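Q: Here is a sequence together with a model predicted from it:
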Amino acid sequence: MTRASPAMSTVFVRVLSFLTVFLVLLGLVVHGLRSHHPDPYRCQQLLDDGSWLEPPNEHGAREPFINWQPRGCKLRNYTNQDIHECMEHRHMVFSGDSTTRQVFWAMGRLIDRNKSNERRSAASIHSEYDMEFDGIRLLQIWNPYLHVGEGTKEGQDLEYQLNLWQEEKHNNVPVADQKSAGLFLIGAGSWFSLHMFHDDAIGNFSEAIVKISNIIKMSTLPPFASAPMTPHDGVGNGLFVAPVAPPFYDKLPDYRTGPVGIHKGEIEDINEFLDGISAEQQFPLLRAFPALSRAQPGAMVDITETGLHVIDSVAETKALILLNARCNAKLHALHGSPYDGTCCTDYGRTTFVQSVLLGLGILYVAACITIEVLHMVGRGIDWSLLDMSACMFVTALLACFLADRTQVFAKGSKEFVGSELAALLLVTAVAGIVSIRRMKPLRSDSLTRPDEKLQDAAPLSRDQTDEWKGWMQAAILAYHWTGASKSLPVYIFIRLLVAAYLFQMGYGHTIYFLVKKDFSLKRVAAVMLRLNLLSCALPYVMNTNYMLYYFAPLASFWFVIVYLTLAIKSDYNDTTTALFIKFAISASAVASVFLFTPVSEWIFTALRYAFRIDWDLYEWQFRVSLDSLIVYVGMLAGMASAKGKSWDRLLVQSKLPGLIGLAVLAGYCYLSSQIFQVKHDYNKWHPYISFVPIIALIAARNVAAPLRVYYSKAFAWLGRCSLEAFTLQFHLFLASDTKGILLLDGLTGDGSLATDRWRHLAVIVPLFLWISHATAEATGHLTRRLTSESAEQGKPEGSHAIRWLG
């Protein structure tokens, strides 16, 4: 295969960089214009349609019906605290027939499951309920014919609540003074169809809806989907109307389909009338409610009786849709990251720091692209501050904001399906296998022949470790995208990959310090900048937390430990016994100081009060303790490799270590599956046993010379930008700060990988990988600039962007 020349590589990278910057700037322009879109916050998409993400069983049922995916946005699962914060002191009103009553009880379960179930079992069916669940008042007005006004108690109650809601909604009453419902649901239609002839049902239903519309006067308000959001209450108090889902007519008993019973087309005609008047009167219509049971008989609880009522999990999804429409924007304004639900939200207002950084970033990349255009036409000037390398770093930050803090991109929920994870890993493995190449010999002098072939290589060579990091990163991306943490075997596998990263870090830095003996602060600064530039910049642009990008702080912590261990009394590093003692003292000190004393708590408390940096102490201690020994195993391996090459000789001179390694890997997999049943049990043992499969894998990978001299260029390429890929995946591959996944508008489907989401991956993955690579190059460039290294020092030969393609 013909290799791209260095000149071609340079042109290719420059053009690709230019296009990336241009597309990000274009996306930001689209975001600025999105306020003129009829659905700028994806409220209408939430209310209109969606699909169940659970894979269909042999009967086509997507049981257990708990993971609903609205078109283009991600649903948030609401907790008791979330609902309290949204409602504050306000109550909720549910009025209509038994389908609306189901949502009432479902909302009660989301607030207080036990109390709601107890009260439902004791409640009479056709009655009004006025109940409190953990301090939140829920009012259910039984009113299947939607009577309004004098004549019936339910009509008077409904009219009173509607008038109260209308008055406060139209007069912008402050939240503290509001007495109306914070959330109002009206839903009926089934009794009209069940107890009236077709024409009477349509006429009476339309009359009832018109009366309600005349009271609430929503046509004089801005449309719900595009109305500006307030920073203190989001969309404000919301009133929603729910159509009734048509039953499965062929399953209904005869007594339900008599002359005055339910007939095919009646409920559909009622819903068609609702469609028309909702557009005219501008009240939000919950078309997604009927979609929840569309073509899904398993979603119905009484399919052969009334055919109108859904199972509890579907009813709770209805309640979640209401809460997402009403509360997402408010909670995002209150708390910011993580932005779990992405439907019906403006992501809250950007902070002052965000606004300044985004503005400066846009100006900077605009200036860079202008200089680049001038260079392309031969009129450019050389200005080191505006080179494309630094520009790509800023572009990556802007791309993260565009993808995960605006509604320009769609977002979706994860759904773990084992076969989909296997398919992604298979495709990844094929990409790695087809790019297997022979390593090039190190050209240390001018006598090396260009056509000379490498006959053998040392274990854990640079190409091999890059390859290792690359396939591990690919597996982690697939793991996060599919939400595979629910699977214990996959979780154990990923935990071992993280440990392997830290093993490599301990191994590599130990060899460097023992061989180079460079303990200068310049070296420390270079490594710390390389590890942290991106993960420190993202929290300011994305309004997140440094600890969210946990690998960078974890790697930084362990680098400092490795450095201090070897830098203190470095003159003893020439003695193997002294190194063993230093490693033992270091491990004991780390365990005692950071895990068994309040030192970490003091540091985190000081950061919170002095700098308003609020980091999760428990999460930090969990991650440090989980891999507290593997770094030292890596340091021991690095010491063995640097001193006398005993590590290398052990792996190279005989195939026995490699064969034993294969057997150990198989045994570890079998024993883990038999011994560990829950994550907690495995986590207790992981720090003490994780080195076993890692050492075994190294031995197996180096069992023979051909395996040592061949490597996957694709995986090695990814390995060289694995840190950036790991960090950027939070916003450019996943979404909602890893809670969801990034999707594209216009590619609708059922949410499965095979028939839908592969199309999204086909577009997003190449862009994500390119930006990760470009950011890695930019980070290295900026690190060299900041540490005053020469531009040529440490510069890779050729462009990694396309080198492995040749």
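A: Received the coordinates, thanks. The shown structure was predicted, so the numbers you read here are calculated from the model rather than taken from an experiment.
Q: Need phi/psi at residue 234.
A: Phi and psi for residue 234, reported as degrees, to the nearest 10, are phi 60, psi -120.
Q: In which helix or strand does the residue lying closest to residue 205 once chain neighbours are set aside reside?
A: If the residues on either side of it in the chain are set aside, residue 205 comes closest to residue 192, at 4.6 Å by Cβ to Cβ, 6 or more residues apart in numbering. Every C-beta, even on glycine, is put in place using the N, C-alpha and C of the backbone. Assigned by DSSP states H and E, residue 192 belongs to helix 190-195.
Q: Does anything pack onto that helix? Which helices or strands?
A: If you count contacts as 3 or more Cβ pairs under 8 Å, 6 or more residues apart in numbering; DSSP states H and E, helix 190-195 packs onto helix 198-216, helix 266-281.
Q: mind running it again at 6 Å?
A: Contact here means 3 or more Cβ pairs under 6 Å, 6 or more residues apart in numbering; DSSP states H and E; on that basis helix 190-195 packs against helix 198-216.
Q: Please state the offset of the helix it packs on from the chain centre?
A: Distance, stretch centre to chain centre, for helix 198-216: 44 Å (Cα atoms, centre = their mean, to the nearest Å).
Q: Could you list the buried residues of the helix or strand following it?
A: Where DSSP H and E defines the elements, the next helix or strand beyond helix 198-216 is strand 238-242. For strand 238-242, burial by neighbour count (16 or more other Cβ atoms under 10 Å) applies to 238-242.
Q: same thing with stretch 153-168?
A: In stretch 153-168, counting by 16+ other Cβ under 10 Å, buried: 154-155, 157-159, 161-162, 164-166, 168.
Q: In those residues, which has the lowest confidence score?
A: Among the buried residues of stretch 153-168, residue 155 carries the weakest pLDDT, at 82.
Q: I'd say it and residue 149 touch.
A: Yes - here residue 155 reaches residue 149: they are 5.2 Å apart, a contact under Cβ atoms under 6 Å.
Q: who does the longest strand along the chain pair up with?
A: If you go by DSSP state E, the chain has its longest strand at strand 136-142. Using DSSP bridges, strand 136-142 pairs in its sheet with strand 92-96 (parallel), strand 129-133 (antiparallel).
Q: closest to residue 176 out of these?
A: Evaluated with Cβ to Cβ, the strands paired with strand 136-142 place strand 92-96 nearest to residue 176, the distance being 18.1 Å.
Q: what's the following helix or strand after the closest one?
A: As assigned by DSSP H and E, the chain's next helix or strand after strand 92-96 is helix 98-111.
Q: Touching that next one from outside, list them.
A: With Cβ atoms under 6 Å, 6 or more residues apart in numbering as the test, helix 98-111 has contacts from 78, 80, 83, 94, 116, 120, 133-134, 136, 138, 140, 187, 244, 308, 315-316, 318-319.
Q: Also stretch 715-731?
A: 400, 403-404, 432, 463, 466-467, 469-471, 473, 477, 534-535, 549, 551, 738, 772-773, 775-776, 800, 804.
Q: Would you map out the domains in the protein?
A: 43-335, 409-441+454-803 (automatic domain parsing).
Q: tell me what the host helix or strand of residue 534 is packed against?
A: Here residue 534 is covered by helix 521-542, with elements defined by DSSP H and E. Secondary-structure packing of helix 521-542 (3+ Cβ pairs under 6 Å, 6+ apart): helix 352-376, helix 388-404, helix 551-567, helix 758-786.
Q: Including mean neighbour count, could these go into a markdown table?
A: As requested, these are arranged in a markdown table below (neighbours: other Cβ atoms under 10 Å):
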| stretch | mean neighbour count |
| --- | --- |
| helix 352-376 | 15 |
| helix 388-404 | 24 |
| helix 551-567 | 20 |
| helix 758-786 | 19 |
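Q: Residue 666 is nearest to which of those?
A: It's helix 551-567; of the helices and strands packed on helix 521-542, that one is closest to residue 666 (Cβ to Cβ) at 28.7 Å.
Q: Against which helices or strands is the closest one packed?
A: Against helix 551-567 (3+ Cβ pairs under 6 Å, 6+ apart) you get helix 488-516, helix 521-542.
Q: how about a cut-off of 10 Å?
A: helix 488-516, helix 521-542, helix 576-590, helix 617-626, helix 630-642, helix 722-732 (3 or more Cβ pairs under 10 Å, 6 or more residues apart in numbering; DSSP states H and E).
Q: Just give me the lowest mean pLDDT stretch among the ones you listed.
A: Comparing mean pLDDT over the helices and strands packed on helix 551-567, the weakest stretch is helix 617-626, at a mean of 88.
Q: which residues touch that one?
A: Helix 617-626 is contacted from outside by 495, 498-499, 502, 547-548, 550-551, 553-554, 557-558, 561, 590-591, 594-596, 598, 600-601, 603-605, 608, 616, 683-684, 686-687, 690, using Cβ atoms under 10 Å, 6 or more residues apart in numbering.
Q: Deepest-packed of the strands paired with strand 136-142, please.
A: A comparison of the strands paired with strand 136-142 by mean neighbour count, using mean count of other Cβ atoms under 10 Å, puts strand 92-96 on top with a mean of 27.
Q: Could you pull up the mean pLDDT of that one?
A: Strand 92-96 shows an average pLDDT of 97 in the prediction.
Q: quick check: angle from that strand to helix 198-216?
A: Orientation check (axes from the mean of the first three to the mean of the last three Cα atoms, to 10 degrees): strand 92-96 against helix 198-216 gives 160 degrees.
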